[in-house]
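Undergrad: what's the 3D shape of this:
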Amino acid sequence: MEGGNSNPGGGRASGARKTNKTRRIWSAREEHVLMVALKDLVAHGWKSDNGFHTGYLIHYENAMKVAFPNTDLLATPHITSKITS
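TA: Modelled structure (predicted):
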């Protein structure tokens, strides 16, 4: 065997875990700001019987950018995945 590869199939070694490097962990403050923004939109009539009106994600993204100017949070995929999880 060349290169010392102990796994001839080329896959992961037995017991090795695949890590998801794209998963983002939200801080408690980020979650709080998102919840305040959600409640604010509900209080101002953005909630309808079938969900929120079109454009609600932009308001969430703007609220996050005001609270965290250097944030990398985007409406899609970050906020939508947080709301639906």
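Undergrad: enumerate every residue touching Arg24.
TA: With contacts defined as Cβ atoms under 8 Å, 6 or more residues apart in numbering, the neighbours of Arg24 are His78. Where C-beta positions appear, they are placed from N, C-alpha and C, glycine not excepted.
Undergrad: element containing it, please.
TA: Using DSSP states H and E, Arg24 maps to neither a helix nor a strand.
Undergrad: make 47 the starting number, not 1.
TA: OK, 47 is where the count begins now, so the last one is Arg70.
Undergrad: by contact count, what packs against the one helix or strand Asp86 maps to?
TA: With secondary structure defined by DSSP H and E, Asp86 is part of helix 74-89. Here helix 74-89 touches helix 102-113, helix 126-130, going by 3 or more Cβ pairs under 8 Å, 6 or more residues apart in numbering; DSSP states H and E.
Undergrad: the shortest one packs against which elements?
TA: What that stands for is helix 126-130. Applying 3+ Cβ pairs under 8 Å, 6+ apart, one finds that helix 126-130 contacts helix 74-89.
Undergrad: show me the contact partners of the very next helix or strand once past the helix it packs on.
TA: Per DSSP H and E, helix 74-89 leads on to strand 93-94 as the next helix or strand towards the C-terminus. If you take Cβ under 8 Å, 6+ apart as the criterion, strand 93-94 is touched by Leu87, His99.
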